[in-house]
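Enquirer: fold the following, please.
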Amino acid sequence: MRDFVGLEKVDDETRKALLDFSYNLTVGNMDEAYKAVKLIKNPSVWENMAQMCVKTKRLDVAEVCLGNMGHARGAAAVRVAKKEPELDACIAMVAVQLGLMDDAVRLYKECGRYDLLNRLFQAAGLWERAIDVAKQHDRIHLRTTFYNYAKYLEEHGQIPEAVKNYEKANAHRREVPRIYFGEHRVDELEDYVMRSEDSQLLRWWAQFSESNQEFDKAKRFYEKAGDFFNLVRILCYNQEFEEAQNIVQKTNDKASAYHLARQHEAIARQHDSITSIQSAIQLYEKANQYNHAIRLSKEFGLDAELMQFALHSNDELKIDCAHYFEQKRDFSKAVQLYQKGGDIPKALDICFKGQLFEVLRNIADDLGETTNPGVLRQCATFFIENEQYEKGAHLLVTAKDFDHALKICLEHKVKITEEMAEKMTPEKNTDPVLAKQRIEQLTKLAQALKRQGSYHLATKKYTQAGEKLKAMKCLLKSGDTEKIIFFAQVSRNREIYIFAANYLQNLDWHNEPEVMKAIIQFYTKAKAFEQLSGFYEACAQVEIDEYRDYDKALGALKEAVKFLIKARVQDKEEVLAQLQQRIYLVDKFVEARRLVKTDPAEMVKICQQLLDQPDIEVAIRVGDGFALLIEYYYSENNYEQAYKFIEQMKRRNIILNPYLDASIVEDIHRHMGITPEKADDDDIVEDDDDIQEDIDEYRK
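Expert: I've put the predicted structure just below:
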């Protein structure tokens, strides 16, 4: 067995102890296992048992074995390794101390500790394997691995390979110069830097060359490194200002421009040269150093340049320049800079003093809520006095002087825009006093909007104030049907439902099913059964008057009865009886129309009964009853009867055209031997005797 390799020559007692140890270790009885071998003194036996512990992953027993072996370094390494959370990592350290390299590699891989595996390969000198592990599993230590490998190569004199690995470790900027300087290979270092595209290395070598007074070489390396500031600095040191100017113009480097500007300023002060001052100012501008440009412009009285620089500077410099122009009584420039610098009160004060009214108007356009309310009111008063009411009103709104603003809007017909209305709407507040004030303000605003005809905005403000009924009345005036329906649906208020339904009844609801549906829905939700009953009566009348559809009219009347029963009205029984009588008459007429083909005699009987009813007009149109009889007799070629009923219609002052086709009337007159002219002249027949004479003439 592999566990006993190397123990062929032990005595019987030791062999028995090892067998007992192996058995108890396998079954997990550590106390008995330790008792079996504690008296063994042979180091090789303990080493063999330690190797068995690596296979069985028993770290506690392995520590005992290493202690009995006298392996102090191994025992110390294991105690350090016990800090690792993975058991396999600890066992791997035991394997390393026992020289079991393959077992250690396997254990590190099993527990996923590739960082420790990387360190193991580095310690063993297996650099390729270490780098491979770092690339695939331990990239956080990849640069460290390259660095350690480079140090190893450097120690073994393999400088080119060490340089490559220092570059991979991103440590070449410090380590490569150290190597070449240490070996006094400066020329090779210069060649290395020249081949490199690393700006830090190039700048470092340029500084090194400059320190050795090699300015041409330093300029070349500064330029290659893109360090234009140091390049311009060397050129200025060598009095090569023209070349420095060209570099600044070409690169637009701000640091370079600033340095060159300082040089020109020094020259100007030394030689009192206005040309150098102008060059310095231009360079300060290019470097965005407006404070220096402003300083020189003020010092040398260059006001045009000063204004230009001030506009591009910060607020503090703008205010400073504005004060400068104010002292020189150049008020227009001072006002502009005070405004740009944020000192609006000062700008306005100068406008009033200098009577700069047009400038004041421009400033007013830029005033906001952060401006002092007193300043805003002052400007508003100025505009109102000069009949600029719209601007004045806007400024009053910004100053939160809402009552005055509303007064100006109403008195001078200034349109309150949605933006103004929102600004005049106070924020919600839980304080009862402030909440009451908010409602009062919203009500005033809504009333003003209503007076101006802005019904939608007025509706919104009334709604925010909790005045839903007033909001609905405003919305009804706007005539926006879609919004009226929506507002009624979301308000869930009985009176609003009724308002909306009453309004919708004025529309063409018969041809717009959605409107009719909304009317019924609103009356139903409001439990306004009397109005709903009246609406169904109106539906029935429209069906009769406009479409002669008595079937639909009958259905509508039945719905009217259903809701009238639920309603609370005076003289309910009397109204209900009248409505039921109307239903009865309509129902009879509908029945008569159905009997035209199946039972004409019954139809004629029913129609004559209906026409004799004194209150028939409240139920059906009398003309429809006559038309039914005339059309029936005409279809039966009974022109005498047809003509008789035509004459009865005329006697009742019923116009024929809405009820009878003109061709039918003409045909009946033709068969009766009555000319159209005579028929037209005899629109009203006096009595039945005249009708009988016409019939007798027809028979002859």
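Enquirer: contacts and neighbour counts: CA atoms only from here.
Expert: Fine.
Enquirer: quick one: low-confidence parts of the stretch 1-150 of the chain?
Expert: Residue ranges of the stretch 1-150 of the chain with pLDDT under 70: 1-10, 30, 34, 36-52, 54, 56-64, 66-72, 83, 94, 98.
Enquirer: to clarify, my last question referred to the stretch 601-700 of the chain.
Expert: Within the stretch 601-700 of the chain, the stretches with pLDDT under 70 are 675-700.
Enquirer: mind running it again at 80?
Expert: Low-confidence segments of the stretch 601-700 of the chain, defined by pLDDT under 80, span residues 615, 675-700.
Enquirer: with the stretch 401-550 of the chain instead?
Expert: Using pLDDT under 80, the stretch 401-550 of the chain drops low at 429-430, 509-510.
Enquirer: which helix or strand contains residue 405?
Expert: Per DSSP states H and E: residue 405 is located in helix 402-411.
Enquirer: list the buried residues in that helix.
Expert: The neighbour-count check on helix 402-411 (16 or more other CA atoms under 10 Å) flags 402, 405-406, 408-409 as buried.
Enquirer: what's the answer for stretch 173-192, then?
Expert: By neighbour count with 16+ other CA under 10 Å, stretch 173-192 contains the buried residues 173, 175-177, 179-180, 189.
Enquirer: what about that stretch, start to end distance?
Expert: Using CA to CA, to the nearest Å, one end of stretch 173-192 lies 11 Å from the other.
Enquirer: still on that earlier bit, adding distance to residue 561, write the buried residues of helix 402-411 out as CSV.
Expert: Formatted as CSV, those follow (distance: CA to CA, whole Å):
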residue, distance to residue 561
402, 54
405, 56
406, 52
408, 56
409, 53
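Enquirer: could you count how many residues lie near the residue nearest to residue 347 when sequence neighbours are not counted?
Expert: Spatial nearest neighbour of residue 347, excluding adjacent residues (CA to CA, 6 or more residues apart in numbering): residue 335 at 4.7 Å. As a burial measure, residue 335 scores 29 neighbours (other CA atoms under 10 Å).
Enquirer: who's in contact with residue 335?
Expert: 322, 346-348, 350-351 (CA atoms under 8 Å, 6 or more residues apart in numbering).
Enquirer: for it, give its distance to residue 327.
Expert: Distance from residue 335 to residue 327, counting by CA to CA: 12 Å.
Enquirer: which of the buried residues of stretch 173-192 sits closest to residue 461?
Expert: Using CA to CA, residue 173 comes nearest to residue 461 of the buried residues of stretch 173-192, at 71.7 Å.
Enquirer: ok, the nearest residue to residue 410 once chain neighbours are set aside - contacts?
Expert: Take residue 410 and drop its neighbours on the chain: the residue closest to it by CA to CA, 6+ apart is residue 448, 7.0 Å away. Residues near residue 448 by CA under 8 Å, 6+ apart: 406, 410, 458.
Enquirer: packing partners of the strand or helix carrying residue 229?
Expert: According to DSSP H and E, residue 229 maps onto helix 228-237. Packing contacts for helix 228-237, counted by 3 or more CA pairs under 8 Å, 6 or more residues apart in numbering; DSSP states H and E, involve helix 215-225, helix 241-251, helix 254-271.
Enquirer: reformat these as TSV; add distance to residue 615, mean neighbour count and mean pLDDT.
Expert: As requested, the helices and strands packed on helix 228-237 are exported to TSV (distance: least, CA to CA, whole Å; neighbours: other CA atoms under 10 Å; pLDDT from 0 to 100):
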stretch	distance to residue 615	mean neighbour count	mean pLDDT
helix 215-225	112	20	81
helix 241-251	105	16	84
helix 254-271	104	19	82
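Enquirer: relative to residue 383, which of the ones you listed is closest?
Expert: So among the helices and strands packed on helix 228-237, helix 254-271 is nearest, using CA to CA, at 46.8 Å.
Enquirer: gap between the closest one and the chain center?
Expert: Chain-centre distance of helix 254-271: 51 Å, with CA atoms, centre = their mean, to the nearest Å.
Enquirer: just the CA coordinates for that helix, please, in CSV.
Expert: Presented in CSV, the C-alpha positions along helix 254-271 are these (Å, rounded to 0.1, in the frame of the first residue of the first chain):
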residue,chain,number,x,y,z
LYS,A,254,-3.4,77.8,-22.0
ALA,A,255,-0.4,77.2,-19.6
SER,A,256,2.0,78.1,-22.4
ALA,A,257,0.0,81.3,-23.2
TYR,A,258,-0.1,82.3,-19.6
HIS,A,259,3.7,81.9,-19.2
LEU,A,260,4.4,83.9,-22.4
ALA,A,261,2.0,86.6,-21.3
ARG,A,262,3.8,87.0,-18.0
GLN,A,263,7.1,87.4,-20.0
HIS,A,264,5.5,90.1,-22.3
GLU,A,265,4.1,91.9,-19.3
ALA,A,266,7.6,92.0,-17.6
ILE,A,267,9.1,93.3,-20.8
ALA,A,268,6.4,95.9,-21.2
ARG,A,269,7.0,97.2,-17.6
GLN,A,270,10.7,97.2,-18.1
HIS,A,271,10.7,99.0,-21.5
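Enquirer: now for it, which elements pack on it?
Expert: Counting contacts by 3+ CA pairs under 8 Å, 6+ apart, the secondary-structure elements packed against helix 254-271 are helix 228-237, helix 241-251, helix 274-286.
Enquirer: now do that helix against helix 228-237: the angle between them, please.
Expert: Counting by axes from the mean of the first three to the mean of the last three CA atoms, to 10 degrees, helix 254-271 lies at 20 degrees to helix 228-237.
Enquirer: now tell me what touches helix 254-271 from outside.
Expert: Residues from elsewhere that reach helix 254-271 (CA under 8 Å, 6+ apart): 228-230, 232-233, 236, 241, 244-245, 248, 273-277, 279-281, 283-284, 286-289.
Enquirer: same check on stretch 164-176?
Expert: Residues outside stretch 164-176 that contact it (CA under 8 Å, 6+ apart): 142-147, 149-150, 163, 189, 200-201.
Enquirer: Serialize the residues you listed to TSV and add fields for distance to residue 156 and secondary structure.
Expert: Shown next, in TSV, are the contacts of stretch 164-176 (distance: CA to CA, whole Å; DSSP: H, G, I helix; E, B strand; the rest coil):
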residue	distance to residue 156	secondary structure
142	21	helix
143	20	helix
144	19	helix
145	17	helix
146	15	helix
147	14	helix
149	11	helix
150	10	helix
163	13	helix
189	20	helix
200	28	helix
201	26	helix
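Enquirer: with distance to residue 79 as extra columns, can I get those residues in a markdown table?
Expert: Output for the contacts of stretch 164-176, formatted as a markdown table (distance: CA to CA, whole Å):
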| residue | distance to residue 79 |
| --- | --- |
| 142 | 28 |
| 143 | 29 |
| 144 | 26 |
| 145 | 26 |
| 146 | 29 |
| 147 | 29 |
| 149 | 28 |
| 150 | 31 |
| 163 | 38 |
| 189 | 47 |
| 200 | 45 |
| 201 | 45 |
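Enquirer: nearest to residue 556, of those?
Expert: Checking the contacts of stretch 164-176 against residue 556 with CA to CA, the nearest one is residue 142 at 89.9 Å.
Enquirer: which non-adjacent residue is nearest that closest one?
Expert: Spatial nearest neighbour of residue 142, excluding adjacent residues (CA to CA, 6+ apart): residue 134 at 5.1 Å.
Enquirer: near the one you found, how many other residues are there?
Expert: Count around residue 134 with other CA under 10 Å applied: 23.
Enquirer: what distance do you get for it to residue 101?
Expert: When distance is defined by CA to CA, residue 134 is 19 Å away from residue 101.
Enquirer: contact partners for residue 382?
Expert: residue 392 are the contacts of residue 382 under CA under 8 Å, 6+ apart.
Enquirer: the helix or strand hosting it vs helix 402-411, what angle?
Expert: Using DSSP H and E, residue 382 sits within helix 373-385. For helix 373-385 against helix 402-411, the angle between stretch directions is 10 degrees (the same axes, to 10 degrees).
Enquirer: can you pull the buried residues of helix 373-385?
Expert: So for helix 373-385, counting by 16+ other CA under 10 Å, buried means 373, 375-377, 379-383.
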